[in-house]
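# pasting a predicted model and its sequence here:
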Amino acid sequence: MRYGNQVILDGQVSLRRVYGLEGAIALELTITTDLAALGGVHRVVVTQERLALEALAFLLVAYAHGEGLHATIYGWLYSGVDQAHVVASQMAFHVTPPHREQAVSVLRALETGYRAQGVLPAVVAVNGYRVRVSEVVGDAAA
């Protein structure tokens with residue numbers, strides 16, 4: 001069923017929740033592609049640990065700079081009885097080269113901290129600033 005439901009969404013990405021599932025991390029995002037009244041807000045689930053950490057790194061960098069995150073999400077549509085969402089398989093982040101470099105260093109810090117302790121680090125460095133991960137993920141931290 002998943003191959004007949006391919007989805008490509010391009011827009012502004014926002015973090016809704018971070019889940020810690022049996023030693024793995026997953027994200028729930030929204031991507032805004034159009035006005036909400038026109039059905040342009042879509043729920044996205046990122047279940048691949050590497051992709052979830054990568055998305056979180058780019059979201060942290062965007063947050064540190066006070067900017068939104070523009071991305072293209074490739075995935076497939078899951079349709080359940082009461083809900084539907086996109087399961088992301090790839091994401092392309094549309095950022096400047098300096099922001100991409102910062103996201104790479106944040107990703108390394110997230111991976112190192114997550115693998116060593118099994119939880120996300122409390123603080124990561126972004127371009128000389130210390131950003132609290134909890135500020136971005138709220139009270140839904142893994």
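Right, received. Where do you want to start?

# for this structure, which segments count as strands?
Residue ranges of the strands in the chain, as given by DSSP state E, are 6-21, 24-32, 41-46, 69-79, 84-93, 123-126, 129-132.

# nearest to R115, out of those strands?
Proximity to R115 (Cβ to Cβ) singles out strand 24-32 among the strands of the chain, at 10.9 Å. No exception for glycine: its C-beta is placed from N, CA and C like everyone else's.

# so which other helices or strands are in contact with the closest one?
If you count contacts as 3 or more Cβ pairs under 8 Å, 6 or more residues apart in numbering; DSSP states H and E, strand 24-32 packs onto strand 6-21, strand 41-46, helix 49-64.

# pretty sure Q48 contacts Q90?
No - counting by Cβ atoms under 8 Å, Q48 sits too far from Q90 to count as a contact (9.3 Å).

# looking at those two, which is more packed in?
Per other Cβ atoms under 10 Å, whichever of Q48 and Q90 has more neighbours is Q48, with 18 against 11.

# pLDDT weak spots in this protein?
Scanning the chain for pLDDT under 70 picks out 1-3, 21-22, 138-142.

# just want the most central residue of it.
Note on the chain: the residue nearest the mean C-alpha position is A55, at 3.5 Å, using Cα atoms, centre = their mean.

# how much space between that one and N127?
When distance is defined by Cβ to Cβ, to the nearest Å, A55 is 19 Å away from N127.

# follow-up on the earlier one: just name the most buried of the helices and strands packed on strand 24-32.
helix 49-64 (a mean of 22; mean count of other Cβ atoms under 10 Å).

# centre of the chain to that one, how far?
Taking Cα atoms, centre = their mean, to the nearest Å, one finds the center of helix 49-64 at 5 Å from the center of the full chain.
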